[in-house]
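**Student:** Could you look at this predicted model? Sequence included:
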Amino acid sequence: MLADEVVDCHVLVIGSGGAGTRAAIEASQHGDTVLISKTIVGKGGCTTMAEGGFNAVLRDEDSCGIHFEDTMKGGSFLNDPELVNILVKEAPLRMGDLVKWGAVFDFTDADVVAQRPFGGQRFPRTCYAGDRTGHEMMTTLVEHLDSTDVTTLQEYNVIDLLKDGDRVIGALALSEKGDFFVIKADSTILATGGGTKVYDISTNSSSGTGDGYAIGYRAGAELIDMEMVQFHPTGAVFPYDARGRLITEAVRGEGGVLLNNKGERFMKNYDPQRMELSTRDVVARAIATEIQNGRGSPNGGVYLDVTHLPREQIETRLPVMLEQFLKFGVDIRVTPMEVAPTAHHIMGGLRITPECRTTLPGLFACGEVSGGVHGANRLGGNALAETQVFGKRAGDAAGRADKRQKNVDVAQLRRQRDRLDRFMNGTKSPSLVRMLLQQAMWDGANIFRTGDGLNQALAAANVLADKPIRAQTPRNLAECCVVENMCLTASLICRSALIREESRGAHVRTDIRQTHDAGHSPFGHTFVSKKGQGIEKREVPK
Amino acid sequence: MKDLTVRIRRFDPDKDNEPHYQTYTVKVNDGARVLNVLHAIHDTLDPTLSYRYSCASGQCGSCAVQVNGEPVLACMEEAKDNSTIDPINLTVKKDLIVDLLPKLEEIASFFPKKEIVLPRKADIDQIKPLRDCIECLCCVSVCPAVDVTTFLGPTAMRQEMRLALDPRDNGDRISDAVRDGLFTCTTCQACWKVCPKEIQTPAKAIEKLRARANKRGFTLPRHLEVAALVRETGRSIPRTSESFLEKVPEVIEPAGPVRATVGLFIGCVYNLRQQQSALDAMEVLKRNGIRVIIPKEQICCGSPLIRTGQTDYLSTLQKRNIEAFTSRGIETVLTMCAGCGSTLKHDYTTPFAVIDINELLTQYGIEPPARLPIRATYHDPCHLLRGQGVRDQPRELIRQVVDLVEMPAICCGSGGGVRSGNPEEAAALGKRRGIEIKKTGAEVVITSCPFCEFHIAGHTDKPVRHVVSVLLDGYREKDRMAGKK
């Protein structure tokens, strides 16, 4: 027998973070919906770790037009304007859904949802629940999910999409014990989140391994702008094992300042207008430059200081930061934090339409796994909004799709069986391969990039992808699939980064001289698929 | 880098009949967390070790394990050499992975009203402290009531209270909480002491829900009787003979020079039932230079009312008790009942300091008693250990008289109104204590709470004594030996 169990449904949602859970809630109004999660729903993914907030235009003094401009400018005008327009118009509505479903966002004294300033935005439009905003959203979404008919498959790893000709008709998955499942679906939604775990230093949860990019690519989908990797300016640097842990932008939103080892507020040399609340690409490069030029802290970061803020403000607005640092022996009320950039978010991903259709029939995508919304750099607070706006859209469009006959390709199942058998007979440690990949990516595809460095990282990713990795037991099969996905995702990042011969947003090529600024770039999206790769040209705006 | 050795409980239900321990020595970085040790083992020594994690930053609640018997988040707890790592006390799926889903599914969901209602800031501020829960289920894993009765557990109650506070919610949270075991909680405090987010479920959820249940007429009949008795007599138990307060003078002068003066808050049970322990305490204090003032108008502290959600009469009790001591200019009030001590410390705003007798005696130091050739075990009263953080002091006193054999610190079942309201549950928990006591091989059980003394005595054939009574035995033996000379 080729599969241990077969499940049939109308909509299959892969991934249980903010986007996937929202998509499942929406899809369930149209038919049988299965939500498959690599973790426990509500615990996995990066939404639950998101700290700072959710951008939504809620006040008369703000406008969707300004949010649109901020987002386009922050994204170096590489964003897909239609998707941005949808994001800014629908974010307030999706915020309303969350409040209706019981979300406990912070309120002002006037009994309305509170908002804080975030980087690159001209209006304080970031709604928040202390510094556990994503957790608040996930708690709310999971509670709402419980009131729907969605079937959840928890701690199952999707290892590939199921194809019937060109059409995606579901997915293949492994249970935690390594049993092989076939899930057939009329529509399939990829909501697998990001993949910056391919870097040695990353904010991502265990799920941030790029599975969606890899399985989407293998199925034949087209991905855009995969070179656009956001390095969050402020990750922890100490102790070693905590390196990369997210220090929320809300720290700066609340008034935290960045200092080098001379006590200088160095952002004045990089963006004197916006200072610490410049966009993340700018702040991350500024910090990296300070560290490279010997103005860093003893543990290899710079200082992020909130000691001038009232203790009560730190305790109520940044309780998670306070607690996390206390656990590592630092009281941020009296001692500055040490921070350095950390791989955080992939702006690129599967190309989508406003209905979240990918280039493959039957396959939808939403959230971080999709591309186009954030362009070359994402504004803090736009990702949580994206999960809800496009999660709902994907769920709705997938749910409305027709029911259809789905023919499982036995040859595909056999190929997957062979792949799994190969892992059982492998020889190399997948953990070792993973660590080598993460180091190669950190060395070659970091904030400052060159063609040589990228080629080296790409070569490493390709070599590592071919290593005969071993699953010690059937329970280790999923881990092997994940390591393969990481190698493939890393190679997509490097290939795209080599194609984009300009510096734009988060992508900086130090080996290329350029005369245009972001607003006058002749380039559009990079694209990569099994059919080929390239970069779109566009008419240079006057 | 450093080498670290840990012992890990392994269990694969598909292969193993029972769990076994496996010891690993791995290289980890300085400052490594327990999770990093598990990663190191998995990555370099043994890929078959199973454990669960996700965010690795204390926000998702996936990775709870026990380290040396204490539930912690593996991602936040610093790894220590020679630790033992066990799964938390829930059904084990494999190695350190437990089945969280059945308990997670029991946590109530929000049920919105049809009409749109918005919360106000005041509502949000009240809800927020109950909202930090990351559902790691550490609390459920240590809850004694969950094990012996139908109780959904601490975090389910936390959620009922969170929903009860929300004007948008349409559920009947109070009836649901009562149905799901609201009155089975012994208020032992174990849940919030292991909570990584320090959510005070007993005080902020259980007791608040019980107060709301009281308004709805759900209070258990036995608890109503106790409240009526307090109103009538000022005491939570009926008078059957002369009380301690009637037996003793208002001031007890020490035998030697005065080293300290304290006011004594005696509490209902020592006043009316376990009087011998209280009288023994007076002898020990006398011998150690402590002058004791005993205001006779003091009454019940109100603990039985607070724990059962009947708080209407509380302010009257508080006022009278506080005045009894302030009117005499007393700066330090001594308690020997763990429940009264915890109540005076947490539920009163007092102009005086409150100190437990174990704290007082170790702070001032005691005359050494004679050693008795007895093997004893100590039962930590919940309201002393977790309610007041008093752990080492009684042990320091006990070790001066007898040999101490430790047993796990678990609730005996007498607290939170459970002994009166849910006697079967209290008996089940008491029976478990009896088994633990037996395992230690101790000849005597020592504790420091009248409720524990009385309740445990019903579940062991060994004598149950207060710390001070054992000290007094030591002094008597010392005197006898001196007399011989």
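**Tutor:** Cool, got the structure. Numbers count the residues shown, from 1 in each chain, chains lettered A, B, ... in the order given.
**Student:** I'd like to know how far the residue of the stretch 101-250 of chain B found nearest chain A sits from B:Tyr475.
**Tutor:** Scanning the stretch 101-250 of chain B for proximity to chain A using Cβ to the nearest Cβ identifies B:Phe110 as nearest, at 3.6 Å. In short, each C-beta sits where N, CA and C put it, glycine included. As for B:Phe110, its distance to B:Tyr475 is 60 Å (criterion: Cβ to Cβ, to the nearest Å).
**Student:** where does whichever residue of the stretch 251-400 of chain A sits closest to chain B land on pLDDT?
**Tutor:** Proximity of the stretch 251-400 of chain A to chain B (Cβ to the nearest Cβ) peaks at A:Lys327, 5.1 Å away. According to the model's per-residue confidence, A:Lys327 sits at a pLDDT of 88.
**Student:** so who does the closest residue to it other than its chain neighbours touch?
**Tutor:** Once its chain neighbours are removed from consideration, A:Lys327 has its nearest residue in B:Met76; the separation is 5.1 Å (Cβ to Cβ, 6 or more residues apart in numbering or on different chains). If a contact means Cβ atoms under 8 Å, 6 or more residues apart in numbering or on different chains, then B:Met76 has A:Gln324, A:Lys327, B:Arg33, B:Ser57, B:Gly58, B:Pro196 as its contacts.
**Student:** in a helix, that's where the last one is, yeah?
**Tutor:** No: under the criterion used here (DSSP: H, G, I helix; E, B strand; the rest coil), B:Pro196 is coil, not part of a helix.
**Student:** Am I right that it is in contact with B:Leu73?
**Tutor:** Yes: in terms of Cβ atoms under 8 Å, B:Pro196 counts as a neighbour of B:Leu73; the distance is 5.0 Å.
**Student:** quick one: common contacting residues for these two?
**Tutor:** B:Gly58, B:Gly61, B:Ala64, B:Cys136, B:Cys138.
**Student:** contacting residues for the third one?
**Tutor:** Taking Cβ under 8 Å, 6+ apart as the criterion, B:Ala64 is in contact with B:Pro71, B:Val72, B:Leu73, B:Ala74, B:Ile88, B:Cys136, B:Leu137, B:Cys138, B:Ser141, B:Pro196.
**Student:** How many neighbouring residues does B:Arg179 have?
**Tutor:** Look at B:Arg179: counted by other Cβ atoms under 10 Å in any protein chain shown, it has 12 neighbours.
**Student:** Please disregard the earlier target; I meant B:Thr91.
**Tutor:** Burial of B:Thr91 is recorded as 12 neighbouring residues (other Cβ under 10 Å).
**Student:** what's the answer for the one 5 residues further on, then?
**Tutor:** The number of residues packed around B:Leu96, counting by other Cβ under 10 Å, is 26.
**Student:** Could you find the residue in the stretch 251-400 of chain B that comes nearest to chain A?
**Tutor:** For the stretch 251-400 of chain B, Cβ to the nearest Cβ, closest residue to chain A: B:Gly389, 18.5 Å.
**Student:** can you map out the helices along chain A?
**Tutor:** Assigned by DSSP state H, chain A shows helices spanning A:18-27, A:64-74, A:81-100, A:133-146, A:211-219, A:250-253, A:280-292, A:311-317, A:319-327, A:382-400, A:410-424, A:430-444, A:451-465, A:477-499.
**Student:** okay, those in a markdown table with distance to A:Ala365 next?
**Tutor:** Written out in a markdown table, the entries for those read as follows (distance: least, Cβ to Cβ, whole Å):
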| stretch | distance to A:Ala365 |
| --- | --- |
| helix A:18-27 | 9 |
| helix A:64-74 | 19 |
| helix A:81-100 | 12 |
| helix A:133-146 | 18 |
| helix A:211-219 | 7 |
| helix A:250-253 | 28 |
| helix A:280-292 | 23 |
| helix A:311-317 | 34 |
| helix A:319-327 | 30 |
| helix A:382-400 | 7 |
| helix A:410-424 | 21 |
| helix A:430-444 | 23 |
| helix A:451-465 | 22 |
| helix A:477-499 | 14 |
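**Student:** check contacts around the residue nearest the centre of chain B.
**Tutor:** Residue closest to the average C-alpha location in chain B (Cα atoms, centre = their mean): B:Cys382, at 2.6 Å. Contacts here follow Cβ under 8 Å, 6+ apart; on that basis B:Cys382 touches B:Thr186, B:Thr187, B:Cys188, B:Gln189, B:Ala190, B:Ala338, B:Cys411, B:Gly415.
**Student:** can you count the residues close to the closest residue to it other than its chain neighbours?
**Tutor:** In space, and not counting its chain neighbours, B:Cys382 is closest to B:Cys188: 4.0 Å by Cβ to Cβ, 6+ apart. Neighbour count for B:Cys188, taken as other Cβ under 10 Å: 28.
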